[in-house]
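**Student:** got a sequence here, can you build the structure:
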Amino acid sequence: MTSRQEHWDAVYSSSDDAALTWFEDRPDLSLQVIRQIGLPDRARAELRAVDVGGGTSRLVDALLDDGLRDLTVLDLSAEALQVSQDRLGARASLVQWITGDVTEWRPETRFDLWHDRALFHFLTDPETRAAYIRTMTLALCHGGMAVIGTFASDGPQRCSNLPVMRYSAEELAQEIGEGFEPLVSLEHIHETPIGQRQPFVYLGFRRR
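**Tutor:** Modelled structure (predicted):
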């Protein structure tokens, strides 16, 4: 187990899910961006989606409610994934759960949708960000959609006692690169469980 895995397992095992600063009872902004960029015009059950850094996010619940049945959730923390599996109960069997590092992951299938809320901004060195983008490019089919949410340029400088990157919409699009066409950009203020306000930026992309 890496030190980063140990860090995140400790975070999720030491606090109730609803007390974590990034907790959302419902991932409304992610769902809004997904609706705006659109998904391929096929039966929902045929679409493939992956939530990277998905941890205890309720996005997987919402996508199951929407009829998707080919879902993957990847996170460094096995503790976080177990929380989500316990929450979903019998529906957890409809999801592939992967404990791993997105920058080292080699997906065995192509996805129609890639989602990341608050993982990318933890990648503070250029090499790691480049590895992430390589993985995302490998994972998405041509024309596939990506939704990435990060701290905005005036957002926190640290999260979970770790340094983070902050982005404007233009900076995030530039960082992701020319292989992806930006389609949608939204700004959002996330209110933590203790009332702190955290500016976020969300971008929706299409893989060229």
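**Student:** the helices in the protein, which residues?
**Tutor:** Counting by DSSP state H, residue ranges of the helices within the chain are 3-14, 28-37, 59-65, 78-88, 126-139, 169-176.
**Student:** so residue 171 sits right up against residue 153, yeah?
**Tutor:** Yes: using Cβ atoms under 8 Å, residue 171 makes contact with residue 153 at a distance of 7.1 Å. All C-beta spots, glycine's among them, are computed from the backbone N, C-alpha and C.
**Student:** so, low pLDDT: which residues of this structure?
**Tutor:** 1 (pLDDT under 70).
**Student:** quick one: contacts for residue 37?
**Tutor:** Contacts were defined as Cβ atoms under 8 Å, 6 or more residues apart in numbering; by that measure residue 37 touches 145, 147, 183, 184, 204, 205, 206.
**Student:** partners of the spatially most central residue of the chain in the sheet?
**Tutor:** The central residue of the chain, meaning the one whose C-alpha is nearest the mean C-alpha position (Cα atoms, centre = their mean), is residue 116 at 1.8 Å. In this structure, residue 116 has beta-bridge partners residue 148, where bridges are defined by DSSP bridges.
**Student:** quick check, it in contact with residue 149.
**Tutor:** Yes: look at residue 116 against residue 149 with Cβ under 8 Å: they come within range, at 6.9 Å.
**Student:** gap between residue 182 and residue 202?
**Tutor:** Noted for residue 182: a distance of 11 Å to residue 202, by Cβ to Cβ, to the nearest Å.
**Student:** same question, residue 191
**Tutor:** Going from residue 191 to residue 202 by Cβ to Cβ gives 16 Å.
**Student:** between those two, which has more neighbouring residues?
**Tutor:** Neighbours around residue 191 and residue 202, counted as other Cβ atoms under 10 Å, are more numerous at residue 202. The numbers are 22 against 11.
**Student:** got a list of what the residue lying closest to residue 177 once chain neighbours are set aside touches?
**Tutor:** On the basis of Cβ to Cβ, 6 or more residues apart in numbering, the spatially nearest residue to residue 177 that is not a chain neighbour turns out to be residue 133, at 6.1 Å. When contacts are counted by Cβ under 8 Å, 6+ apart, residue 133 is found next to 176, 177, 179.
**Student:** count of neighbours near the first one?
**Tutor:** It stands for residue 176. Using other Cβ under 10 Å, residue 176 has 22 other residues around it.
**Student:** pretty sure it is touching residue 204, no?
**Tutor:** No: look at residue 176 against residue 204 with Cβ under 8 Å: they stay out of range, at 11.1 Å.
**Student:** need the residues touching each of these two.
**Tutor:** Both residue 176 and residue 204 are contacted by 146, 182, under the criterion Cβ under 8 Å, 6+ apart.
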